[in-house]
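Participant: model this:
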Amino acid sequence: KCTRSFHGVKVAFAFDTPLTPQQNVMQRVVKAILKRETALLESPTGTGKTQALLSSCLAAQRHLMLQGQKVGKIIYATRTIGQVKQLPGELRRNPYRA
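Facilitator: As a prediction, the model looks like this:
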């Protein structure tokens, strides 16, 4: 529904306007992936981390692939089973779904 650019990577987002915490997450994730760094992110419940993480990870991965660079796997870990169960629905809403 909207697109934002972070570190030269266009990130499509599932909703009209990302919240400030979501934009912060997307910016940090894109930067970490482009620099091949590890990112540890924390944000309160209800700030939209899942969509922000999915959109930015998948956008950065696609960006690198289009540049002919080798990309690694995206590993998504959560603390609870409830958070794991939330993921398929979030993927269906995500602009980068397969």
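Participant: where does this structure have low pLDDT?
Facilitator: Low-confidence segments of the chain (pLDDT under 70): 98.
Participant: so which elements touch the longest helix belonging to it?
Facilitator: Ranked by number of residues, the top helix in the chain under DSSP state H is helix 49-66. Secondary-structure packing of helix 49-66 (3 or more CB pairs under 8 Å, 6 or more residues apart in numbering; DSSP states H and E): strand 9-13, helix 20-34, helix 81-93. In this view, the C-beta of every residue, glycine as well, is placed from N, C-alpha and C.
Participant: which strands and helices sit next to the first one?
Facilitator: Translated: strand 9-13. Packed against strand 9-13, as judged by 3+ CB pairs under 8 Å, 6+ apart, are the following elements: strand 2-6, helix 20-34, helix 49-66.
Participant: need the contact partners of the shortest one.
Facilitator: Yep, that's strand 2-6 we're talking about. For strand 2-6, contacts defined as CB atoms under 8 Å, 6 or more residues apart in numbering pick out 10-13, 15-18, 23, 26-27, 30-31, 56.
Participant: what's the answer for the last one, then?
Facilitator: Contacts of helix 49-66 from elsewhere in the structure, counted by CB under 8 Å, 6+ apart, are 6, 8-15, 18, 21-23, 25-27, 29-30, 33-34, 41, 43, 70-71, 74, 76, 83, 86-87, 90-91, 93-96.
Participant: filter those to the buried ones?
Facilitator: With burial judged by 16 or more other CB atoms under 10 Å, the buried subset of the contacts of helix 49-66 is 6, 9, 11, 13-14, 18, 21-23, 25-27, 29-30, 33-34, 90-91, 94-96.
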